[in-house]
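Peer 1: below: sequence and its predicted model.
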There are 2 protein chains.
Amino acid sequence: MDATDRYIDEHLQAFRSDFDHLISIPSISTDPSHEGDVRRAAEWVAARMERAGLEAAVVETEGHPLVMGRHEAGPDAPTLLVYAHYDVQPADPLDEWTSPPFQATEVGDRLVGRGTADDKAQVILQIAAAEAALATGGLPVNLILLFEGEEEIGSAGLSSFLRAGGSGVEADHVIIADSMMFAPGRPSLLFGMRGVSYMEIEVRSSAHDLHSGQYGGAVPNPAHVLSGIIASFHDERGRVAVEGFYDEVRSVSDELRREWAALGFDERAYQASAGGAALVGEEGYSTPERLWIRPCLDVNGFLSGYTGPGKKTVLPARAMAKVSCRLVPAQDPDTIVELVRAHVLAQAPPGVEVQVHKLQADPPWHGDPTGPLFTAAGAALEAVFGAAPVRVAGGGTLPIARTFSEVLTSSVAVMGMALPGANMHAPNEWFPAAHLHLGAKAVVRLYRELAASG
Amino acid sequence: MDATDRYIDEHLQAFRSDFDHLISIPSISTDPSHEGDVRRAAEWVAARMERAGLEAAVVETEGHPLVMGRHEAGPDAPTLLVYAHYDVQPADPLDEWTSPPFQATEVGDRLVGRGTADDKAQVILQIAAAEAALATGGLPVNLILLFEGEEEIGSAGLSSFLRAGGSGVEADHVIIADSMMFAPGRPSLLFGMRGVSYMEIEVRSSAHDLHSGQYGGAVPNPAHVLSGIIASFHDERGRVAVEGFYDEVRSVSDELRREWAALGFDERAYQASAGGAALVGEEGYSTPERLWIRPCLDVNGFLSGYTGPGKKTVLPARAMAKVSCRLVPAQDPDTIVELVRAHVLAQAPPGVEVQVHKLQADPPWHGDPTGPLFTAAGAALEAVFGAAPVRVAGGGTLPIARTFSEVLTSSVAVMGMALPGANMHAPNEWFPAAHLHLGAKAVVRLYRELAASG
């Protein structure tokens, strides 16, 4: 075993403590009441980078800060930028967690807690890899660790920072350390992610809630109206019934579809990871195709009237739904918002006020899975995990991937160490404990492969 | 002015203090965390009855207690039972109140607070009337004040108490003091109320919430399924599309419909009281007909996924709706639950679990608006308010009205002093301040009219 791997193994307990501490900070970027926690997480990460031997700084944005750590190997060495994020999703519904969400809890071979998989384990293992390399003979690439605190709310600060120019950030290669492997023992490299258009629909019928006996049957019910709108979003074939929704969708080659058909996508395991949900969707496509190359529309939240224990005979004055579309090339997220808005307004009956508010619009990203970064990362992952990574697209959204490829003109790959069924954004999120050190070892090999190729 | 009226006027400040105190007790019967408050309200009401000169007792039930106050005038006097309730609805949404819900606040000529109109003002003015009559020369009827703490959750305790027999309660006449006048200056007497079937519909697709990127487009969304179910409940003519829903609905005479058409129902005032809501409903019926003699189905609450500030890319595992039907004779509430259940289950697609839980099933009540009680109450109201009461039906539900007429074989009338637009069950509920003493004076006259009529 080489010295760097040994360093990682010998310091595993310390890395675990770092991980536990970072999980304990509820850095929920979407909730203003947690703004202080987000900053606390940033400052802790910067201090931890300094201890690892990097030159680190907290970089202010208009929102939550960035944390940047750098190491200079020299002008002839290639530059690798590693992206991750230290912010997390809210933890609710709290009553479905089997352990406290902001306390890393070891359950079998898993580390359970909000942000374990998405994305704090990656934050820790990237710092661990850099520290181990520096402590045992150097780090052969110019390294930039660039971690943000707004991934869960659209990455506005990082995007402005990169697009403004003058950031001083240049990189030949970008690794986005925020994803999962294809299966246990089978790593993945992602060359594409879906975009997202996120909206809130509001229906109002009255200035205030009403008694359902005094008014029921004689005035509109906004929950009925909004239900009708939601029900109109899909047709019988599982397709989105918003006019123009599919107009810009690019089909992928039959060759790629055949390659994916041969991948052995484990529907049973996927279903288990989905809490036993049925596998249904757009007619004519397999489950991975529905996730990777087909767009969709989902309600993320719906609220109207009284929803507490018991019953209340109220006729609500207001109904609200959060609705998001996942997009594929070449759908434009702002165009999709307009199409959905037009569809919604066309469904609204007289006598109610209906509004559609845009909360997020990020384009899809599809890159080209060839070249030295994919080759180097493939070799590094295979050396540690014993299997070559599969090259796939992701169902989620990483707006920043598109920004990196556009602004820095870097080659970009998404490489993460979580596992399918990690409960990201859901209760009991988890990360495989062994992947903290296996992941760090793979990253150390990536440095070496890039230095050798570069 | 007679001595009893003078007593009421001279003690108005004290009655107002009593009212303020009762409003300050959050006696929310549906919420187990307020059980102590409900009991506190009962004990205070019993003590206040004693001070008024009645023989009072807190009567235990399996749920929240009853409070009974009695006065014996003699075997030849008629017996009047007055019903009211001291429990209230929850106060949410709290942020729409302009004053603290559990603090009686004088705004112009209104007293604002949860329970002012429904039904604590009636509790106070009935006690005030009895006290004033007793203090100034006697009370010429046998009086039973029977106030319950479970009106908002179905009156199970009072219903058992009356149906069990052996309660010792007998009455010639029952006044249900829980309703509103037809218009300012125009009192009403109600001879009918709608029934209610209240259900909770639950749709589950998975054991836990999912990440909308990792699963969106490939698994069912329970919010979509439930929206489709809700959307299927009505047809284009505003009729309930549940098979069999109207089978047992009795039509009323053309004469009665003509009488109501001549009433001058003020649609503009009703609309204003509804917070400006549009007036829409079943085709072929006027607004009062939609409320008094036609059944309806309404969503009272809908909850799924993330509904807090900002956005969360979650694919919910569960969606829940509270749904209630208002019923008219001779619809059977349990039959309606079964019809709705069958409709809902027929809409459920494969791959999701759908359940319908019954929360309440109370039959409608229609009595006969003739005889000495309606005559006496009509004269009493006209003497104080200067206009004869209109005889109408109510849109809400008073299960106990049916119980009184069935079990005690009393004649029953609903007589209340709130005003249209009182925001019952909604924020900023209010009661007209002047109706505390006007109401008490009308009740005193009712005693005399009944005693005179024998």
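Peer 2: Thanks, I have the structure now. The model shown is predicted, which means the values in this text are computed figures rather than measured ones. Residues are numbered from 1 along each chain as shown, chains lettered A, B, ... in the order given.
Peer 1: show me where the stretch 101-250 of chain A has its helices.
Peer 2: Remark: helices assigned in the stretch 101-250 of chain A by DSSP state H, counting those that start in this stretch are A:121-135, A:156-163, A:212-215, A:222-231.
Peer 1: so of those helices, which one's packed in deepest?
Peer 2: Highest mean neighbour count among the helices of the stretch 101-250 of chain A (mean count of other CB atoms under 10 Å in any protein chain shown): helix A:212-215, with a mean of 28. Where C-beta positions appear, they are placed from N, C-alpha and C, glycine not excepted.
Peer 1: please see if that one touches chain B.
Peer 2: Yes. Counting by CB under 8 Å from any CB of the partner chain, chain B has neighbours in helix A:212-215: A:212-215.
Peer 1: what's the closest of these to chain B?
Peer 2: Within the residues of helix A:212-215 next to chain B, proximity to chain B (CB to the nearest CB) peaks at A:G213, which comes in at 2.6 Å.
Peer 1: surely that closest one touches B:G394?
Peer 2: Yes. Proximity of A:G213 to B:G394 meets the contact threshold set by CB atoms under 8 Å, at 7.2 Å.
Peer 1: picking up where we left off before, in TSV: the helices of the stretch 101-250 of chain A, plus mean pLDDT and distance to B:R114.
Peer 2: TSV is the format used below for those (pLDDT from 0 to 100; distance: least, CB to CB, whole Å):
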stretch	mean pLDDT	distance to B:R114
helix A:121-135	98	48
helix A:156-163	93	42
helix A:212-215	91	16
helix A:222-231	98	23
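Peer 1: got the contact list for A:N221?
Peer 2: By CB atoms under 8 Å, 6 or more residues apart in numbering or on different chains, the contact list for A:N221 reads A:205, A:315-316, B:298-299.
Peer 1: for stretch A:378-396, which positions count as buried?
Peer 2: Buried positions in stretch A:378-396, judged by neighbour count with 16 or more other CB atoms under 10 Å in any protein chain shown: A:378-381, A:384-385, A:389-396.
Peer 1: same question, stretch A:317-326
Peer 2: Neighbour counts using 16+ other CB under 10 Å place A:317-326 of stretch A:317-326 among the buried residues.
Peer 1: what of stretch A:394-410?
Peer 2: A:394-405, A:407-408, A:410.
Peer 1: circling back: out of the contacts of A:N221, which comes closest to B:L139?
Peer 2: Proximity of these to B:L139 (CB to CB) peaks at A:L315, which lies at 40.1 Å.
Peer 1: mind checking how far the closest one is from chain B?
Peer 2: Plainly put, A:L315 is 6 Å away from chain B if you go by CB to the nearest CB, to the nearest Å.
Peer 1: burial count for that residue?
Peer 2: Applying other CB atoms under 10 Å in any protein chain shown, we find 31 residues neighbouring A:L315.
Peer 1: hey, what's it bridged with?
Peer 2: A:L315 has these beta-bridge partners by DSSP bridges: A:L210.
Peer 1: quick one: common contacting residues for A:G213 and B:G394?
Peer 2: Overlap of the contact sets of A:G213 and B:G394 (by CB under 8 Å, 6+ apart) consists of B:R194.
Peer 1: could you point out which element follows the helix or strand that A:R268 is a member of?
Peer 2: Here A:R268 sits within helix A:267-273, counting by DSSP states H and E. Following helix A:267-273 in sequence order, the next helix or strand is helix A:287-292 (DSSP H and E).
Peer 1: elements contacting that next one?
Peer 2: Other helices and strands packing on helix A:287-292, by 3 or more CB pairs under 8 Å, 6 or more residues apart in numbering or on different chains; DSSP states H and E, are helix A:254-261, strand A:390-394.
Peer 1: what mean pLDDT does that helix have?
Peer 2: Averaged across helix A:287-292, pLDDT comes to 93.
Peer 1: close to chain B, is the helix or strand following that helix?
Peer 2: Per DSSP H and E, the first helix or strand lying C-terminal to helix A:287-292 is strand A:296-305. Yes. Judged by CB under 8 Å from any CB, strand A:296-305 comes into contact with chain B through A:296, A:298-305.
Peer 1: hmm, the helix or strand bottoming out on mean pLDDT in chain A in reach of chain B?
Peer 2: Lowest by mean pLDDT, DSSP states H and E among the helices and strands of chain A is helix A:254-261, with a mean of 80. No. Residues of helix A:254-261 are not located near chain B by CB under 8 Å from any CB, the shortest gap being 13.8 Å.
Peer 1: buried stuff in that helix?
Peer 2: Using 16+ other CB under 10 Å as the test for burial, helix A:254-261 gives A:257, A:260.
Peer 1: with stretch A:192-212 instead?
Peer 2: By neighbour count with 16+ other CB under 10 Å, stretch A:192-212 contains the buried residues A:192-201, A:203-212.
Peer 1: so which of these belong to strands?
Peer 2: A:192-193, A:195-201, A:203-204, A:210-211 (DSSP state E).
Peer 1: I'd like the residues of helix A:212-215 next to chain B as JSON lines, with distance to B:F19 appended.
Peer 2: Converted to JSON lines, the residues of helix A:212-215 next to chain B look like this (distance: CB to CB, whole Å):
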{"residue": "A:S212", "distance to B:F19": "26"}
{"residue": "A:G213", "distance to B:F19": "24"}
{"residue": "A:Q214", "distance to B:F19": "22"}
{"residue": "A:Y215", "distance to B:F19": "26"}
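Peer 1: quick check: buried residues in stretch A:342-352?
Peer 2: For stretch A:342-352, the neighbour count (16+ other CB under 10 Å) marks A:343-344, A:347-348, A:352 as buried.
Peer 1: what is the most widely separated pair among the residues you listed?
Peer 2: Greatest spatial distance among the buried residues of stretch A:342-352 (CB to CB): A:H343 and A:V352, at 15.9 Å.
Peer 1: now render the helices of the stretch 101-250 of chain A as a markdown table, adding distance to B:W365.
Peer 2: Listed next are these as a markdown table, based on distance: least, CB to CB, whole Å:
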| stretch | distance to B:W365 |
| --- | --- |
| helix A:121-135 | 63 |
| helix A:156-163 | 59 |
| helix A:212-215 | 13 |
| helix A:222-231 | 27 |
